[in-house]
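Trainee: Below are the sequence and a predicted model; questions follow.
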Amino acid sequence: MNDLAPLLTPEGRALLDDVRGTAPADELAVATRLRREHPAELVSAALGQARLRQRAVAKFGAEDAERMFFTPNGVEQSTRASVAAYRALRLKAMGVTSVADLCCGIGGDAIALARAGIRVLAVDRDPLTAAAARANADALGLAGLIDVREADVTEVGTDSYDAVFVDPARRGGRGRIFDPEAYSPPLSWAVQAALKAPHAALKVAPGIPHEAVPAQAEAEWISDGGDVKEAVLWFGDGTAPGAVRATLLPGPRTLLGRGLPDPEVRPVGRYLYEPDGAVVRAHLVAEVAQEVEGGLVDSTIAYVTSDALHATPYATAYEITDQLPFNVKKLKALLRERGVGILTVKKRGSAVEPEELRRKALPKQHGPHSATVFLTRVAGAPTMLIGAPAKAVTGTGPS
């Protein structure tokens, strides 16, 4: 599909309605039927768009996804709607009324910004991608707030906008790009663009090395439903250069770095805390350890242990019942003795694959109980910690 225009015609839109929700197994029969009355290329394009819309539901929700237009890269690389909405509201709280959205893709961030009441210039150099962004602004009734421009972002003036948002391409012909200077455009260019604006936000990969974060930026790692989605570098008024934060959605819940030293290593207590991925990426495990009055099970592992159960939104608590040296036979015997038929396997610092351990250790005669096993290191030694999610305590913890 190299042109969206045919799908935007009355015939194309009617076809999109006709193929909505088509299951993969039914595509051949549907295509054969529709090609009797419509051009084969248009039918193929409609079915392809239907597949993309089905994939996009996870990011945009069914109501929006069924009206929007996508490219394969657009579905893969666009921001999840909940994350884009959070970022847009943070910009709005800073007093931003207009944003230059550079490398806008199919318009996911532009949509969130416009829904927050912010005027957007959305720029992308790829003709098909820009066409999708324009079609999406129109489909969602936001064309009055979103001006889509097909151009090279390095040649676009942004002086008349309150803020700049840059989402560089982080995928190439060989897959994901990990070097920030290999982004398109490079992170160094994006930083210079950010420093010229009153406000700016740069979306980067969550695995960005902390040493690559500019001194002028505030760094924020964001997770949604426990999955780390991105990191954002914030510049300008309303931000704190050098600050680090982890934000968990839904919520939002934000944990600010306090510059704490690494927690001490201590013996495994009654409870094990698994920090949220955004907390780990932001290097804020020490802040969680302080909140739960705990320490690390190993100096290189982001598991926190404590003798007490504390309410915190930044980590999931488990009550530990057993601590064993890594030994599959001993684990299998213990699971059989406990009547465990449902086993959740988590790991940090172990080369063993969870599915492999589950297959070897779970008794053939399944019992009615469930358990969680952590494959990790305790004071440097390969260890299995067995337990279950801790029962909730009163209170929600700090926000």
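Mentor: Received, thanks.

Trainee: Tell me where the stretch 201-350 of the chain has strands.
Mentor: 218-224, 227-236, 244-249, 253-256, 271-275, 295-296, 304-306, 315-325, 340-347 (DSSP state E, counting those that start in this stretch).

Trainee: can you list contacts of the longest one?
Mentor: By Cβ atoms under 8 Å, 6 or more residues apart in numbering, the residues outside strand 315-325 that reach it are 268-276, 279, 288, 292, 304-305, 309-310, 330-331, 334, 372, 374, 378, 381-391. Using the backbone N, CA and C atoms, a C-beta is placed for each residue, glycine as well.

Trainee: Kindly list the main-chain dihedrals of the closest residue to G207 other than its chain neighbours?
Mentor: In this structure, G207 finds its nearest non-sequential neighbour in F178, 6.6 Å apart by Cβ to Cβ, 6 or more residues apart in numbering. Here is the backbone geometry of F178 (degrees, to the nearest 10): phi -100, psi -20.

Trainee: Hmm, P209 and F178 touching each other?
Mentor: No - assessed by Cβ atoms under 8 Å, F178 is found out of contact with P209, at 9.1 Å.

Trainee: Between those two, point out the one with more neighbours.
Mentor: F178 (12 against 9; other Cβ atoms under 10 Å).

Trainee: how much space between the residue nearest to G207 and A56?
Mentor: Distance, F178 to A56, by Cβ to Cβ, to the nearest Å: 26 Å.

Trainee: next one: G294
Mentor: 40 Å.

Trainee: Repeat that for R245.
Mentor: Counting by Cβ to Cβ, the gap from R245 to A56 is 29 Å.

Trainee: And the two? Which one has more around it.
Mentor: Neighbour count, other Cβ under 10 Å: between R245 and A56, A56 has more, with 24 against 20.

Trainee: How much space separates R170 from C103?
Mentor: In terms of Cβ to Cβ, R170 sits 10 Å off from C103.

Trainee: Kindly report the same for A84.
Mentor: With Cβ to Cβ as the criterion, A84 and C103 are 14 Å apart.

Trainee: got it, and L140?
Mentor: From L140 over to C103 the distance is 20 Å, taken as Cβ to Cβ.

Trainee: Please compare those two by neighbour count and tell me which comes out ahead.
Mentor: Just comparing L140 and C103: by other Cβ under 10 Å the higher neighbour count belongs to C103, 23 against 18.

Trainee: Next up, the contacts around that one.
Mentor: C103 neighbours (Cβ under 8 Å, 6+ apart): V123, D124, V153, V166, D167, P168, A169, S184, P185.

Trainee: Verify the stated contact: the second one with V156.
Mentor: What it means is D124. No - in terms of Cβ under 8 Å, D124 does not count as a neighbour of V156; the distance is 10.5 Å.

Trainee: So which of those two has more stuff around it?
Mentor: Legend: neighbour count by other Cβ under 10 Å for D124 and V156, higher for D124 (29 against 15).

Trainee: what's across from the more buried one in the sheet?
Mentor: E150 (DSSP bridges).

Trainee: Tell me where this protein has helices.
Mentor: Counting by DSSP state H, the chain has helices at residues 10-19, 27-34, 40-60, 62-65, 72-77, 81-93, 108-115, 127-139, 187-195, 277-281, 285-291, 328-338, 354-361.

Trainee: how about the first one: buried residues?
Mentor: Within helix 10-19, the residues that qualify as buried by neighbour count (16 or more other Cβ atoms under 10 Å) are G12, L15, L16, D18, V19.

Trainee: Kindly report the same for the fourth one.
Mentor: If you call a residue buried by 16+ other Cβ under 10 Å, then helix 62-65 has these buried ones: D64, A65.

Trainee: Any stretches of the stretch 101-250 of the chain with poor pLDDT?
Mentor: 172-175 (pLDDT under 70).

Trainee: Enumerate every residue touching L91.
Mentor: V99, L113, A116, I118, A163, F165, H199, A201.

Trainee: Serialize these to CSV and add fields for distance to A25.
Mentor: CSV is the format used below for the contacts of L91 (distance: Cβ to Cβ, whole Å):
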residue, distance to A25
V99, 43
L113, 39
A116, 40
I118, 43
A163, 46
F165, 41
H199, 49
A201, 42
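
Trainee: Make CSV from these and add distance to L260 and neighbour count to it.
Mentor: Converted to CSV, those look like this (distance: Cβ to Cβ, whole Å; neighbours: other Cβ atoms under 10 Å):
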residue, distance to L260, neighbour count
V99, 34, 29
L113, 35, 31
A116, 34, 21
I118, 36, 24
A163, 32, 25
F165, 31, 31
H199, 29, 22
A201, 26, 29
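
Trainee: Can you pick out the ones from these that are in strands?
Mentor: V99, A163, F165, H199, A201 (DSSP state E).

Trainee: ok, so of those, who is nearest E220?
Mentor: E220 has its nearest neighbour among those in A201, at 8.9 Å by Cβ to Cβ.

Trainee: Quick check: the closest one touching R87?
Mentor: Yes - when contacts are counted by Cβ under 8 Å, A201 is listed as touching R87 (6.3 Å).

Trainee: what is in contact with these two at once?
Mentor: With Cβ under 8 Å, 6+ apart, A201 and R87 have common neighbours F165, V232.

Trainee: ok, so of the ones in strands among the contacts of L91, who is nearest F326?
Mentor: So of the ones in strands among the contacts of L91, ranked by how close each gets to F326 (Cβ to Cβ), first place is A201, at 43.7 Å.

Trainee: Any idea what the closest one is bridged to?
Mentor: F165, W234.

Trainee: Distance of it relative to G74?
Mentor: Taken as Cβ to Cβ, the span from A201 to G74 is 20 Å.
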